[in-house]
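**Student:** Take this sequence and fold it.
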Amino acid sequence: MNTSKKARAVGINHIALEVGEIDAALDFYGRFLDFTLRSKSAGMAFIDLGDQFIALSRGRSQPGDDERHFGLVVDDKEAVRRALDEMGAEIVSSRFLDFYDPWGNRIEIVGYDNIQFTKAEGVLRGMGLDGLGKTEKAMNELADKGMG
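**Tutor:** Have a look, this model is predicted:
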C-alpha cells in the first residue's frame with residue numbers, strides 16, 4: 001500500500017500557447033485585451049495576468065484544437081465580444097464566448113464576476129482592478145466551498 005502523501009493542486013501559474021510569429025501574436029491578443037507585457041524575446045513573450053501569465057512560444061506546427069481550450073478570465077466579457085466582432089473573429093460556441101486565435105488555439109472568454117475563480121485583493125489592487133465584484137451566484141459557489 002502506498003502511504004506517501006500526494007501533492008495538492010493549488011492553481012495554474014501559466015498557460016503556454018504555441019503561435020506563429022511573436023509580434024503577430026502580441027498584435028492579435030492586443031486587439032481585444034489590455035495587457036502588460038512581462039517580457040519578450042525572439043521566440044517567447046509573456047503576457048502578465050497579475051500573479052499568473054500567458055507564455056506565447058513561436059513555432060506552432062500542429063493542427064488547430066477542437067475541444068481542447070483554456071478559459072481566459074476577463075473583467076469585461078462583453079468588451080471582448082465587441083472587439084472580436086469588430087475583428088471578424090468566428091465565435092465557435094453559441095453557449096460560450098469561444099473562438100480560435102490565428103494559430104488554432106481555442107480560447108473561452110469568461111467573465112470574472114460570474115465564476116468562482118477569484119484573485120486576492122492585493123493582486124487585484126496591483127492590477128488596477130480593486131473593487132472588481134462577483135455575482136451572488138459566484139459568491140454562493142465560493143461560500144459553499146468555505147471560500148466566501
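
**Student:** Dump the top helix by length along the chain to PDB, restricted to CA.
**Tutor:** If each helix of the chain is counted by residues according to DSSP state H, the longest one is helix 77-87. Extracted C-alpha coordinates of helix 77-87, given in PDB (Å, rounded to 0.1, in the frame of the first residue of the first chain):
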ATOM      1  CA  LYS A  77     -16.600  39.800 -21.300                       C
ATOM      2  CA  GLU A  78     -18.800  42.000 -23.500                       C
ATOM      3  CA  ALA A  79     -15.900  44.300 -24.400                       C
ATOM      4  CA  VAL A  80     -14.100  41.200 -25.700                       C
ATOM      5  CA  ARG A  81     -17.200  40.100 -27.600                       C
ATOM      6  CA  ARG A  82     -17.400  43.600 -29.300                       C
ATOM      7  CA  ALA A  83     -13.700  43.500 -30.100                       C
ATOM      8  CA  LEU A  84     -14.000  40.000 -31.600                       C
ATOM      9  CA  ASP A  85     -17.000  41.100 -33.700                       C
ATOM     10  CA  GLU A  86     -15.000  44.100 -35.000                       C
ATOM     11  CA  MET A  87     -12.100  41.800 -35.800                       C
END
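
**Student:** what packs against it?
**Tutor:** Identification of packing neighbours for helix 77-87 by 3 or more C-beta pairs under 8 Å, 6 or more residues apart in numbering; DSSP states H and E yields strand 97-100, strand 106-111. C-beta coordinates here come from the backbone N, C-alpha and C atoms, glycine included.

**Student:** If you count neighbours, what's buried in it?
**Tutor:** Neighbour-count burial for helix 77-87 flags 77, 80-81, 84 (criterion: 16 or more other C-beta atoms under 10 Å).

**Student:** now swap in stretch 48-66 and tell me
**Tutor:** Neighbour count says stretch 48-66 has 49-50, 53-56, 58, 60 buried, by 16+ other C-beta under 10 Å.

**Student:** what two of these are the furthest from one another?
**Tutor:** Using C-beta to C-beta, those span at most 25.8 Å, a distance reached by G50 and R60.
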